[in-house]
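Pasting a predicted model and its sequence here:
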Amino acid sequence: MDAQAQIEDEVRRRRTFAIISHPDAGKTTLTEKLLLFGGAVREAGAVRARRAARHATSDWLELEKQRGISVSSSVMHFEHRGFRINILDTPGHQDFSEDTYRTLAAADSAVMLIDAAKGVESQTRKLFEVCRLRGIPIFTFVNKLDREGRDPLELMTEIEDVLGLDSVPVNWPVGGGKRFRGVYDRLRQRLLLFSGGEHGTVAVDQEIIEGPPGADEVREALGSFADEVVESLELIDGAGEAFDRGRVLAGEQTPVFFGSALTNFGVLPFLENFLELAPPPGPHESSEGPVDPVGNPFSAFVFKIQANMDPDHRDRVAFVRVCSGRFERDSHVLHVRTGKKIRLANSTLLMAKDRETVEFAYPGDVIGLFDPGIFQIGDTLTARDSFSFAGIPSFSPEHFMRVEVAEVMNRKSLEKGLEQLAQEGAVQLFTEPGSGTAAPILGAVGPLQFDVLQHRLASEYKVDLKLTPLPFTTARWFRSEFDPEIFRYSDATRVIEDRQGRPVLLLKSEFYLQRVLEKNPDLEFSETGGF
Ligand code: G4P
């Protein structure tokens, strides 16, 4: 096979996605089941044990250890029926941060995991908004069907009302709670009945009965559920929207699957439909138009930088998503922002368990590059002429702090440290124009970002910070001209500037945003600071 054909083949079989969910919806459990199908982990609990270690405590020593090992759990990959699947981890508990959003920039699709009893929750909504900005397809898995949950039709209506996304059930549940028996697969016109389903088992028994819902064999297998299921399916066929893969790929319609990750009911049918329906790596937007994954030399962009918290090992890892061509270890590529040629020697592929050196990688893959301090979020690497991928925007922080140094003498180190860490994307840095105070304002998506920052400034720059919380929860970038006087006497808002000098409005809550817009209908805002 020639090189081009090989790249084409590798691209076709790749599926790179992230799971978006609210804590406790079952992301770890689902990930573990998916990895079990691919044989990437042998025992159940491997993912869980790692997570337990990560979240055991936010004690400093633990945090250091955690930063050391969490690299390996950032990307998991496995093979299933000829597909190569990359799951990008989206940190979700205390370590929810801007990195969680940035990871979505490297995914080709997202799996939205919803707890059947809880519906669409806040963190899922935020992550969904980021997916919507990118227009990536979203596949919904409604989890915990083995427990009493909400009515499936009601959940689908909630997805439509809360997210404004059309939902089409691909699998429809048979029973629910203790009486959850299986799903009817509408696309393949077949009934799947499950049994077994011990936590951790792969070999759940799955009985398949082919045929439309009304067929005698299917009705017979449905038993006492027959009337209920056939009626619901008729209702959906008649009143619901038809499945349309084009709309799914455009991010306008979400296929919905029902199941239980814990008991392994419905995970395999979900995976197999997902692999068929989800897109392989596609073209990426750049300064020179879309870059096709095949037919172009190697190119990639940095979407996340992770620093090692251990002062003896001040290395950082830049997470790089391959967009076109083939990555080859030791090759020389152009680092576009600095114009320098660099050698990609220390590449580690980030595996479920261990770091392993990568010789080759293809579009859709994520590699970790040792970073001696040259990379920034959004940087482009390429083996061809200079061009840049569309940048990764800054997302609205939800926590804000004013910074002061304990010792005035340290101001220079502080400025240097903050600038460096902001460049790395560890925190967002703002200033307040005309406030007469030079003390900067820091913004973060998750509060742990401040802990990391304080720790790193102390160990790397020998600066002790004093952080004072500010009462704001929302930031919006101005997209229209405005008169700063409007905000002058309000405690609920404040105008500040980001590192690029772009004006940003801080608000106590989204409620005030509505008020500002009602009073000043000409104002326009953006939820993200673009590039
Ligand atoms: P997360 O990563 O999204 O935060 O969720 P995680 O998988 O850790 O699951 C959160 C809790 O929900 C766990 O229970 C897990 O066992 C449970 N869970 C996940 N999927 C299902 C499901 O399909 N059905 C039911 N009934 N429960 C599910 P826990 O009590 O917090 O932990 P553990 O004691 O089970 O480890």
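Arrived safely. All values reported here derive from a predicted model rather than from experimental measurement.

where does the spatially most central residue of the chain land in three-state SS?
In the chain, the residue lying closest to the centroid (CA atoms, centre = their mean) is L104, at 3.9 Å. L104 carries the three-state label helix when classified by DSSP: H, G, I helix; E, B strand; the rest coil.

Could I get the phi/psi values of the closest residue to it other than its chain neighbours?
Closest residue to L104 apart from its sequence neighbours, by CB to CB, 6 or more residues apart in numbering: V130 at 5.0 Å. Any C-beta I mention is one placed from the backbone N, CA and C, and that applies to glycine too. Backbone torsions for V130, taken as degrees, to the nearest 10, come to phi -70, psi -40.

distance of V130 from the ligand?
Counting by CB to the nearest ligand atom, to the nearest Å, the separation of V130 from the ligand is 18 Å.

My guess is that residue contacts T103. True?
No. V130 is beyond contact range of T103, at 9.4 Å (criterion: CB atoms under 8 Å).

Give me the residue ranges of the chain where confidence is low.
39-73, 94, 197-204, 308-315, 346-357, 406, 408-409, 435-438, 530-531 (pLDDT under 70).

what number of residues lie near V504?
Close neighbours of V504, defined as other CB atoms under 10 Å, add up to 23.

so it is in which element?
Using DSSP states H and E, V504 falls within strand 503-507.

Going along the chain from that strand, find the next helix or strand for me.
helix 510-519.

what's in contact with that next one?
473-474, 476, 486, 492-493, 505, 507, 523, 525 (CB atoms under 8 Å, 6 or more residues apart in numbering).

show me where the stretch 301-450 of the chain has helices.
Ranges of helices within the stretch 301-450 of the chain are 411-424, 448-461, based on DSSP state H, counting those that start in this stretch.

Of those, which stretch is the most buried?
helix 448-461 (a mean of 19; mean count of other CB atoms under 10 Å).

now could you export just the CA positions of that helix as PDB?
Output of helix 448-461 as PDB, limited to C-alpha atoms (Å, rounded to 0.1, in the frame of the first residue of the first chain):
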ATOM      1  CA  LEU A 448      -8.700  24.300  41.100                       C
ATOM      2  CA  GLN A 449      -6.900  26.400  38.400                       C
ATOM      3  CA  PHE A 450      -6.200  29.000  41.100                       C
ATOM      4  CA  ASP A 451      -4.700  26.400  43.500                       C
ATOM      5  CA  VAL A 452      -2.400  25.200  40.700                       C
ATOM      6  CA  LEU A 453      -1.400  28.700  39.800                       C
ATOM      7  CA  GLN A 454      -0.600  29.600  43.400                       C
ATOM      8  CA  HIS A 455       1.400  26.500  43.800                       C
ATOM      9  CA  ARG A 456       3.400  27.000  40.600                       C
ATOM     10  CA  LEU A 457       4.100  30.700  41.300                       C
ATOM     11  CA  ALA A 458       5.400  29.800  44.700                       C
ATOM     12  CA  SER A 459       7.600  26.900  43.400                       C
ATOM     13  CA  GLU A 460       8.800  28.200  40.100                       C
ATOM     14  CA  TYR A 461       8.900  32.000  40.700                       C
END
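
follow-up on the earlier one: my guess is the residue nearest to the centre of the chain meets A18, correct?
Yes. L104 sits in contact with A18 when judged by CB under 8 Å, with a separation of 5.7 Å.

Find residues that contact each of the two.
Joint contacts of L104 and A18 (CB under 8 Å, 6+ apart) are 90, 110.

phi, psi of the closest residue to the ligand within the stretch 301-450 of the chain?
Relative to the ligand, the nearest point of the stretch 301-450 of the chain is G446 (14.7 Å; CB to the nearest ligand atom). With angles defined as degrees, to the nearest 10, G446 sits at phi -130, psi 140.

With that, I have no additional questions.
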